[in-house]
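Novice: could you look at this predicted model? Sequence included:
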Amino acid sequence: MEGVEREKKEERETMERGEKKDGDIGLKELSRRLEEFAKERDWEQYHSPRNLLLAMVGEVGELSEIFMWRGEVPKGLPNWEESDKEHLGEELSDVLLYLIRLSDICGIDLGDAAAKKIIKNGVKYPPKFI
């Protein structure tokens, strides 16, 4: 927990100084950081595809809870409290990070696979010309 608290403190200090956040960070850098994070804690032994998938599904459940009973919400979530948006960002991040780690453990280049899938979907679902 100490490392997480240190990272949060560093992020707050960076924001207070008006420096750029890691908002434009790529999948490969996130992958590198996740691998390092797991190694530092000796968690690699637990990062089997099955375990990572089940952990991600649990996080998707937590993400779903945020939207439960709210009905449809408009784009941008204009009526949400900032704390709710922050919580949403945390849960979205949990899902993304598990997905990245799962793809790495399975030997899948997630960025490449996603780009290929967009092309495949474009062929499968072409725009309608009227």
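Specialist: Received it, and whenever you're ready, just let me know what you need. Numbers count the residues shown, from 1 in each chain.

Novice: show me where the chain has its helices.
Specialist: In the chain, the segments counted as helices under DSSP state H are 2-16, 27-40, 49-67, 82-105, 110-124.

Novice: ranking the ones you listed by burial, who's on top?
Specialist: Most buried of these, by mean neighbour count (mean count of other C-beta atoms under 10 Å): helix 82-105, with a mean of 16. Quick note: C-beta positions are derived from backbone N, CA and C, even for glycine.

Novice: ok now it, how far from the chain's centre?
Specialist: The chain centre lies 3 Å from the centre of helix 82-105; the measure is C-alpha atoms, centre = their mean, to the nearest Å.

Novice: quick check: angle from it to helix 27-40?
Specialist: Counting by axes from the mean of the first three to the mean of the last three C-alpha atoms, to 10 degrees, helix 82-105 points 80 degrees away from the direction of helix 27-40.

Novice: now do helix 82-105 and helix 49-67, the angle between them.
Specialist: Using the same axes, to 10 degrees: helix 82-105 against helix 49-67 is 160 degrees.

Novice: packing partners of helix 82-105?
Specialist: helix 27-40, helix 49-67, helix 110-124 (3 or more C-beta pairs under 8 Å, 6 or more residues apart in numbering; DSSP states H and E).

Novice: any chance of those in JSON lines, plus distance to residue 99?
Specialist: Below are the helices and strands packed on helix 82-105 laid out as JSON lines (distance: least, C-beta to C-beta, whole Å):
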{"stretch": "helix 27-40", "distance to residue 99": "10"}
{"stretch": "helix 49-67", "distance to residue 99": "6"}
{"stretch": "helix 110-124", "distance to residue 99": "7"}
